[in-house]
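*Asks:* sequence first, predicted coordinates after that:
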Amino acid sequence: MATMKFVVLCILWYASSAVTNNIGKQLLNQFNYPVTLTWVQFGFVGLYCLTIGHGLGYTKLRNPSKIILRTTLPLSLFSISGHVLSSVATSIVPVSFVHTVKALSPLFTVFFYRFGFNVNYSYPVYISLFPLTIGVMLACSSSSTASIIGLIFALGSTIIFVAQNIFSKKLLFNNDHPGYEKHKLDELNLSFYSSSLAFFLMTPLWLYYEGFHLILRPPTDYNTLSFTINSSNSNSNLNGWIVSFYFWLNGSTHFAQNILALSILSYTSPVTYSIASLVKRIFVITASIIWFGQKTTFIQGIGIVLTFGGSESEIDLKKHIM
């Protein structure tokens, strides 16, 4: 029964992640406002958590406190920067490209632990990083300016999320810290506070980069709920109801994948979670290639395969640092 529950959770996690990323890309292809997309995602997660926790009574949302804010504020700041860079990258390059770059997480994890915390690793760990690095280099082998810019944003997002994971493990969620269990937040509370804080903290950023532009559009653009979207990928009329539906679907599945990820992490060991996360990455990359009918060169295909194989270094890494 426990195995079946784990399998079902993983399937739902993979499906929600694939839908979130591909719908997000489809939306950004027509409605090229990546900061808005990220801002709306945080809002949806906070709203869903409030509805489920308070309205449906699934779990009790805890009252705000200094310890909760001290725990979730750093996560919110990491999330804002990481998700914005990821959304910008997705607006420029394919989803498969972004997630292939994110497969470099083990490389940056080793770098941070080795030079930041003076952790020594065995030679097999270092050797296992070679096919991963070469695979990503081949998969990203494109001379176009857009690909280079997308690569920079995707790398920035990857580095930030690696730093977030290390920060959380070392400082926020250390089981040896006094009073940890007493102040530990469950999945819903953690998502609610981190996403809600991110939403409010990001509002000025959204207004500055995209919000004022959207708010100050001529009113006639909205009277028919149909308006012209100008982006680097298209220039077409997009019905406002479709935009709203895409935002709702993306926000809903984004919430689902967050809760499912936290549930699986709390339900299994870090190594098992890493394996599940590796399979999820493969699933999302494959799904995006099929979804958009993406054509890849032979070299890029070899690179993706090497990336899949090299990603197993993440599992070895988890075993080493546990």
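*Replies:* Good, I have the coordinates.

*Asks:* can I get the CA coordinates of stretch 121-140 in PDB?
*Replies:* What follows is stretch 121-140, C-alpha atoms only, in PDB (Å, rounded to 0.1, in the frame of the first residue of the first chain):
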ATOM      1  CA  TYR A 121      34.100  14.000  -2.100                       C
ATOM      2  CA  SER A 122      35.300  10.700  -3.400                       C
ATOM      3  CA  TYR A 123      36.700  10.400  -6.900                       C
ATOM      4  CA  PRO A 124      33.700   8.500  -8.200                       C
ATOM      5  CA  VAL A 125      31.500  11.500  -7.400                       C
ATOM      6  CA  TYR A 126      33.700  13.800  -9.400                       C
ATOM      7  CA  ILE A 127      34.000  11.400 -12.300                       C
ATOM      8  CA  SER A 128      30.200  11.000 -12.400                       C
ATOM      9  CA  LEU A 129      29.900  14.700 -13.100                       C
ATOM     10  CA  PHE A 130      31.800  14.500 -16.400                       C
ATOM     11  CA  PRO A 131      29.100  12.900 -18.500                       C
ATOM     12  CA  LEU A 132      26.500  15.200 -17.000                       C
ATOM     13  CA  THR A 133      28.600  18.300 -17.800                       C
ATOM     14  CA  ILE A 134      29.400  17.100 -21.300                       C
ATOM     15  CA  GLY A 135      25.800  16.100 -21.900                       C
ATOM     16  CA  VAL A 136      24.500  19.600 -21.000                       C
ATOM     17  CA  MET A 137      27.200  21.200 -23.200                       C
ATOM     18  CA  LEU A 138      26.100  19.100 -26.200                       C
ATOM     19  CA  ALA A 139      22.400  19.600 -25.500                       C
ATOM     20  CA  CYS A 140      22.900  23.300 -25.400                       C
END
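
*Asks:* can you show me the strands along the chain?
*Replies:* Here the chain has its strands, by DSSP state E, at 226-230, 235-239.

*Asks:* worst mean pLDDT among these?
*Replies:* Ranked by mean pLDDT, the strands of the chain end with strand 226-230 at the bottom, a mean of 41.

*Asks:* pLDDT of stretch 241-259, averaged?
*Replies:* pLDDT averaged over stretch 241-259 gives 92.

*Asks:* can you list contacts of it?
*Replies:* 12-13, 16-17, 19-20, 23-24, 26-27, 30-31, 37, 40-41, 43-45, 48-49, 187-188, 191, 195, 225 (C-beta atoms under 8 Å, 6 or more residues apart in numbering). Backbone N, C-alpha and C define where each C-beta goes, glycine included.

*Asks:* so which of those belong to helices?
*Replies:* 12-13, 16-17, 19-20, 23-24, 26-27, 30, 37, 40-41, 43-45, 48-49, 187-188, 191, 195 (DSSP state H).

*Asks:* now do I304, the pLDDT please.
*Replies:* 81.

*Asks:* hang on, I meant F153
*Replies:* So F153 comes in at 96 (pLDDT).

*Asks:* how about it, nearest residue that isn't a chain neighbour?
*Replies:* A89 (3.8 Å; C-beta to C-beta, 6 or more residues apart in numbering).

*Asks:* how near is L188 to I68?
*Replies:* Distance, L188 to I68, using C-beta to C-beta, to the nearest Å: 13 Å.

*Asks:* that'll do, ta.
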